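Peer 1: below are the sequence and a predicted model for it; my questions follow.
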Amino acid sequence: MTVHPTFSHASTARLTSHDLGRFSGATLFDRIARAVCEAGCLPRKELYEAWEVARRTRRLFRGGRVVDLAAGHGLLAQMMLLLDDTSPSAVAVDPHLPASAARLHEALCLHWPRLVGRVEFLSAGIEDVEVTAADVVVSAHACGALTDVVLDRASATLARVAVLPCCHHLDSEEAKKLAALGYVSAQGAAATSSLNPRDHLRDLDALKQVTELVSARKFAEAAALMEKLLATNPGWSDLRDQLGVAYEQLHDLARAEKTYRDAIRTTPELAPEFALSLANVLIERGALDDAAAHAELALVHNPRGAHEMLARIAAARGDLVLAKREAELAGSDFVLAQVLLAQNDAAGALAALQRIYSRKQGLPQGYFALAGEVFLKLGREEEARLAFLQAKQLAERRRPAG
């Protein structure tokens, strides 16, 4: 059986207007996500990571000026203000502020005018901004030792602080796993990349063109442009991820596989993220043992995504008992529905699909096609017909342009 992937929160692909339907709810998160999609410049994983840091931090710390260090687009700082309006202001600090940070800020201000004039974007180093005891210091993905610098700056003034660390060196076990798959030496030599994609914002115009081409579903043109950018910026990890996605959309699985393998070799510290994308391609190519080995690379860093991938692999092998167990560990109702249908439990599959629909958080690709199969199995032919019609319409919209 073929089990389709769900919408990965860990992807570095940019959110665009095509993703608006995934965030149709009335929650604050969905409203922020829609504004992010309208801006069309933020990698998907940054939305989810900033939200988790902001909401968990606000459970502990209220009020105070928000100081977002190594801020990137400054989304975390703005989320902190939206979650607690008693904070008077926020400052987003980064030595390489993306030019698209202004676009994101404008999109958020259109929905929340109270943000206007309350967020300062400061192009400076972490050491160059004043931090006081009344501040709330936050940082998501300050690369490597920068997280330690953030903690030092906050502790020096006894400011409240919350961080999400990123990109520390591979530990010995991770290095051994990568070595076994042929990526790096077992000792972990050259197992990290110090390149920061924000250092390459001079290519912003070309990057904007990539975003426009992807939004227009012109994947062949987008892939050609991304290959050119990566030739001079080989460590640009989120761009390489988008290139892999573009090749998948073009059904060029050989190039997609090569792209993800190159990503792991170039930035092995991000191997768990790219490993899942590669595993997805390997499943489609029938290389199930290799897919499983790569899925297991992500078990520590992204257990939900890894278990979902292992469920798909088990299903492809025909081991539905293991597939069901892995799907339950992943908390993936979509994969669980596919497995239950394969086990002739159409009623259970329908219940899983109904749980997805009731969450109002966007429907995974393949949802209506699966629903049609479930309705057919249950003898509900008219509902099956409507579901298949919806699946066909969605497939036509997703077809690459040209």
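Peer 2: Thanks, I have it.

Peer 1: how about the contacts made by residue 271?
Peer 2: Contact analysis of residue 271 by C-beta atoms under 8 Å, 6 or more residues apart in numbering lists 170, 174, 178, 183, 264, 297. Glycine gets a C-beta too; all of them are placed from N, C-alpha and C.

Peer 1: now residue 97
Peer 2: 71, 72, 74, 121, 122, 123, 198.

Peer 1: let's verify the second one: helix, strand, or coil?
Peer 2: The local conformation at residue 72, judged by DSSP: H, G, I helix; E, B strand; the rest coil, is coil.

Peer 1: quick one: low-confidence parts of the stretch 151-300 of the chain?
Peer 2: Counting by pLDDT under 70, the stretch 151-300 of the chain contains low-confidence residues at 166-172, 184-204.

Peer 1: please enumerate the strands of it.
Peer 2: For the stretch 151-300 of the chain, the strands defined by DSSP state E, counting those that start in this stretch cover 160-166.

Peer 1: and the helices in it?
Peer 2: Remark: helices assigned in the stretch 151-300 of the chain by DSSP state H, counting those that start in this stretch are 172-180, 204-215, 219-232, 237-249, 253-266, 271-284, 288-297.

Peer 1: who touches the fourth one?
Peer 2: Spelled out, it's helix 237-249. 11-14, 43, 193, 197, 207, 210, 214, 217, 219-220, 222-223, 226-227, 229-230, 233, 253, 255-256, 259-260, 262-263, 266-267, 270, 273-274, 277, 280-281, 400.

Peer 1: now do the buried residues in the helix or strand residue 388 falls within.
Peer 2: Assessed by DSSP states H and E, residue 388 sits inside helix 381-398. Under the neighbour-count criterion of 16 or more other C-beta atoms under 10 Å, helix 381-398 has 383, 384, 387, 388, 390, 391, 394 buried.

Peer 1: in space, what's closest to the last one - neighbours in sequence excluded?
Peer 2: Closest residue to residue 394 apart from its sequence neighbours, by C-beta to C-beta, 6 or more residues apart in numbering: residue 368 at 6.6 Å.

Peer 1: that neighbour against residue 387, yeah?
Peer 2: Yes - assessed by C-beta atoms under 8 Å, residue 368 is found in contact with residue 387 at 4.8 Å.

Peer 1: chain center to stretch 108-118, what's the gap?
Peer 2: Distance, stretch centre to chain centre, for stretch 108-118: 25 Å (C-alpha atoms, centre = their mean, to the nearest Å).

Peer 1: again, but for stretch 255-273
Peer 2: On C-alpha atoms, centre = their mean, the centre of stretch 255-273 falls 15 Å from that of its chain.

Peer 1: now the helices for the stretch 301-402 of the chain?
Peer 2: Going by DSSP H, counting those that start in this stretch, the stretch 301-402 of the chain shows helices at 303-317, 320-330, 333-342, 346-359, 367-377, 381-398.

Peer 1: do the stretch 1-150 of the chain as well
Peer 2: Secondary structure of the stretch 1-150 of the chain by DSSP H, counting those that start in this stretch: the helices cover 28-39, 44-60, 75-83, 100-111, 146-157.

Peer 1: hmm, back to that, buried ones among the contacts of helix 237-249?
Peer 2: Of the contacts of helix 237-249, these count as buried by 16+ other C-beta under 10 Å: 11-14, 43, 193, 197, 207, 210, 214, 217, 219-220, 222-223, 226, 229-230, 233, 255-256, 259-260, 262-263, 266-267, 270, 273-274, 277, 280-281.
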